[in-house]
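Trainee: I'd like to go over a predicted model; first the sequence, then the structure.
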Amino acid sequence: MESEVYITLVTRITDGQPALRIMGSNEANAATAFRHLENLMVQIEGRFFEVQTLNVCLDGIGGQVALLKYDNGANELTGFSPKLQWPKGPGPKQRNATVDQSMLAGLMGDDRLILIERQIARSLNGIRRQKKVFSMNVHLGLFVLTKGIPGGMRAFSHNDFLRMMENTDGGIEAFVTRASGQERGSFDIRPRLTSAGNFLTPVGEASGDLAKVRPVYRGKFILENSLEPGRNYLLQVEFRIDEEGDVTQLPAKWSEFEAGKILPTQFLDVNLVDLADGRACHFGLEGTIPIVEALVPVHLQAFSDSITLYRHVAEVLRHDTPFLYWLPYRNMNIKQVTLERVFTYQIRNTGFLVEASHTTVGGLGWWWSVDVRHSDWPMHLVQLEKLKPGREANWSDAVKLFFPDDGMTCYTTLVDLVSEGGSGPSAGLRLFVNKLICLSNILARRSVTVDGQPQFSTYPPVGLLDL
């Protein structure tokens, strides 16, 4: 037929190597088939995508970097958390009490921001042809070094530490804790956020009482089907309780892990480290394999349907009682359960969302974590869940799409997403990093000044908020 295109395997006469021949009576259809085949080859290559870790420290601060012993309390993950320290007496002081707005540009130079942008672009372009359920966010926690510290040293000059971190061949290994800081157990991080009314708002509102934001109650279950050993599924359920006390359950989300694994595949690993208090912002992008719910084994679906919310437990922060209940079923193993009370706020005049989660994994203690994402990221990434072979996500410039110049959405400020090839970093990424620094200040309870003059008498910082 006129619309048909044929792809055959042939041997080249010139060198005897195998090749593919595309034939069709319609030149446009043949050209389309060539593009799809080219995308399919890149898609196959993408299965061997290797994550490159990038550690970047904020600039503009001197002092000595001390490595403080870190222990997560369970004697499982240990290491050293770097933190700036200053000697007593006259001289430069630690940035633990005051930050001036004029310091902000100096804290993140263009050269370092470009490194982050290139790494993000590499990852986003690396997944645009992969069919997976992707999740992207930036997580705030403590930065912990686990390997690559030379000679057992426990103190460095600021410049020497930066050189060590930037040496990609130095064997540095690190992670960012899920907990937002050293605080665990009963410590409630929400007051630090709800007092930041000039930085955060309730989602979708120009103003409002942040203390009245209601959480989503989320459960994540890693399930193994005993009838298919090594095949592990990820189930996510969510519940909401409205002001009248009515409970609403959102549709369950299913996906599965690579064979034999119980962790998502990682596609981005960038750590933006603030040595002033040892915190870091971890840029992460992870993926699991999409699966239609109808193809999930029946007994796993029945388990999902049995999950219910204990409303009277969920509405009160407790540290020993799970707020979800479920029934056990045969032929399945529950490998891990994560429960989260997720309070979501919006960064003022942007589309960036801040999620403060009261979390427990396996019932082994509760902690608070903080994540940031853009409200449009799920919309962009969902294209990949139903991607057909040979197709790709419709992203012309991924960085501009995911980090719009005005922080709202690319459609409010950009008509043409094609990169202009400028040498400087993206304005949208610069804005996003500025907001992350502001949020870090909120969590660390630092004051902010403009030209040395205090901008407020009580927390939170004002001087950085309108950037």
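Mentor: All right, it came through fine.

Trainee: The helix or strand containing residue 443: how far from the chain's middle?
Mentor: Using DSSP states H and E, the element containing residue 443 is helix 427-444. The chain centroid and the centroid of helix 427-444 are separated by 14 Å under C-alpha atoms, centre = their mean, to the nearest Å.

Trainee: Rounded mean pLDDT for that helix, please.
Mentor: Average pLDDT, helix 427-444: 89.

Trainee: so how far is residue 137 from residue 268?
Mentor: 10 Å (C-beta to C-beta, to the nearest Å). C-beta: built from backbone N, CA, C; applies to glycine.

Trainee: about what we covered before: can you show me the CA trace of the helix holding residue 443 as CSV?
Mentor: Extracted in CSV, the C-alpha atoms of helix 427-444 (Å, rounded to 0.1, in the frame of the first residue of the first chain):
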residue,chain,number,x,y,z
ALA,A,427,17.4,32.6,34.4
GLY,A,428,14.8,30.1,35.6
LEU,A,429,17.4,27.8,37.3
ARG,A,430,19.1,30.8,38.9
LEU,A,431,15.7,31.9,40.3
PHE,A,432,15.0,28.3,41.6
VAL,A,433,18.4,28.1,43.3
ASN,A,434,17.8,31.5,44.9
LYS,A,435,14.5,30.2,46.3
LEU,A,436,16.3,27.1,47.6
ILE,A,437,18.8,29.3,49.5
CYS,A,438,15.9,31.2,51.0
LEU,A,439,14.2,28.0,52.1
SER,A,440,17.5,26.8,53.6
ASN,A,441,17.6,30.1,55.6
ILE,A,442,14.1,29.5,56.9
LEU,A,443,15.0,26.0,58.0
ALA,A,444,18.2,27.3,59.7
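
Trainee: Could you number the chain from 185 rather than 1 from now on?
Mentor: Fine by me, first position is 185 from now on; the one you just mentioned is helix 611-628.

Trainee: Check what pLDDT the residue sitting nearest the centre point of the chain gets.
Mentor: By C-alpha atoms, centre = their mean, the chain has its centre lying nearest to residue 321, at 2.2 Å. pLDDT, residue 321: 96.

Trainee: So for it, what's the nearest residue that isn't a sequence neighbour?
Mentor: Among residues not flanking residue 321 along the chain, residue 557 sits closest, at 4.3 Å (C-beta to C-beta, 6 or more residues apart in numbering).

Trainee: For the one you found, the count of nearby residues, please.
Mentor: A count of neighbours around residue 557, defined by other C-beta atoms under 10 Å, yields 19.

Trainee: Can you tell me the element it falls in?
Mentor: Using DSSP H and E, residue 557 maps to strand 550-558.

Trainee: other SSEs contacting that strand?
Mentor: Judged by 3 or more C-beta pairs under 8 Å, 6 or more residues apart in numbering; DSSP states H and E, strand 550-558 is in contact with strand 317-331, strand 536-545, helix 611-628.

Trainee: Quick one: these as CSV, columns for distance to residue 458 too.
Mentor: Listed next are those as CSV, based on distance: least, C-beta to C-beta, whole Å:
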stretch, distance to residue 458
strand 317-331, 8
strand 536-545, 17
helix 611-628, 6
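
Trainee: hang on, the residue nearest to the centre of the chain packs against residue 465?
Mentor: No: counting by C-beta atoms under 8 Å, residue 321 does not reach residue 465; the two are 10.3 Å apart.

Trainee: residues shared between the contacts of these two?
Mentor: Shared contacts of residue 321 and residue 465, defined by C-beta atoms under 8 Å, 6 or more residues apart in numbering, are found at residue 556.

Trainee: okay but residue 329 is in contact with residue 251, surely?
Mentor: Yes: taking C-beta under 8 Å as the definition, residue 329 is a contact partner of residue 251 at 6.8 Å.

Trainee: joint contacts of these two?
Mentor: Joint contacts of residue 329 and residue 251 (C-beta under 8 Å, 6+ apart) are 264, 265, 266.

Trainee: How many neighbouring residues does residue 506 have?
Mentor: Neighbour tally, residue 506, other C-beta under 10 Å: 15.

Trainee: that older thread, gap between the residue nearest to residue 321 and residue 541?
Mentor: The gap separating residue 557 from residue 541 is 12 Å, by C-beta to C-beta.

Trainee: Please name the residues that touch the residue nearest to the centre of the chain.
Mentor: Contact criterion C-beta under 8 Å, 6+ apart gives 468, 539, 555, 556, 557, 561 as the residues in contact with residue 321.

Trainee: Can you name the residues that contact the last one?
Mentor: The contact partners of residue 561, taken as C-beta under 8 Å, 6+ apart, are 320, 321, 586.

Trainee: Can you report phi and psi for the residue lying closest to residue 530 once chain neighbours are set aside?
Mentor: Take residue 530 and drop its neighbours on the chain: the residue closest to it by C-beta to C-beta, 6+ apart is residue 387, 4.7 Å away. Dihedral pair for residue 387: phi -60, psi 130, per degrees, to the nearest 10.

Trainee: neighbours around residue 387, how many?
Mentor: Residue 387 is flanked by 13 other residues according to other C-beta under 10 Å.

Trainee: show me the contacts for it.
Mentor: Contacts for residue 387 (C-beta under 8 Å, 6+ apart) come out as 397, 528, 529, 530, 537.

Trainee: And it, what's its pLDDT?
Mentor: Looking at residue 387, its pLDDT reads 94.

Trainee: give the contact list for residue 407.
Mentor: Per C-beta under 8 Å, 6+ apart, neighbours of residue 407: 416, 417, 418, 419, 484, 487, 516, 517, 518, 519.

Trainee: how about 6 Å then?
Mentor: For residue 407, the contact set (C-beta atoms under 6 Å, 6 or more residues apart in numbering) comprises 417, 484, 516.

Trainee: Ignoring the adjacent residues along the chain, who's closest to it?
Mentor: residue 417 (4.7 Å).

Trainee: To what extent is that neighbour buried, counted in neighbours?
Mentor: Neighbours of residue 417 using other C-beta under 10 Å come to 23.

Trainee: which residues in the stretch 335-484 of the chain form strands?
Mentor: 339-341, 357-360, 384-386, 400-409, 416-425, 431-433, 437-440, 449-458, 463-474 (DSSP state E, counting those that start in this stretch).

Trainee: and the chain, what are its domains?
Mentor: Here the domain assignment for the chain is 185-232, 236-638, based on automatic domain parsing.

Trainee: which of these sits most buried?
Mentor: Among these, ranked by average contacts under mean count of other C-beta atoms under 10 Å, first place goes to domain 236-638 (a mean of 17).

Trainee: How far does that one sit from its chain's centre?
Mentor: On the basis of C-alpha atoms, centre = their mean, domain 236-638 sits 4 Å off its chain's mean C-alpha point.

Trainee: For the stretch 185-334 of the chain, which segments count as helices?
Mentor: 211-230, 288-291, 294-311 (DSSP state H, counting those that start in this stretch).

Trainee: among those helices, which gets the worst mean confidence?
Mentor: Across these, the lowest-scoring stretch is helix 288-291, with a mean of 57.
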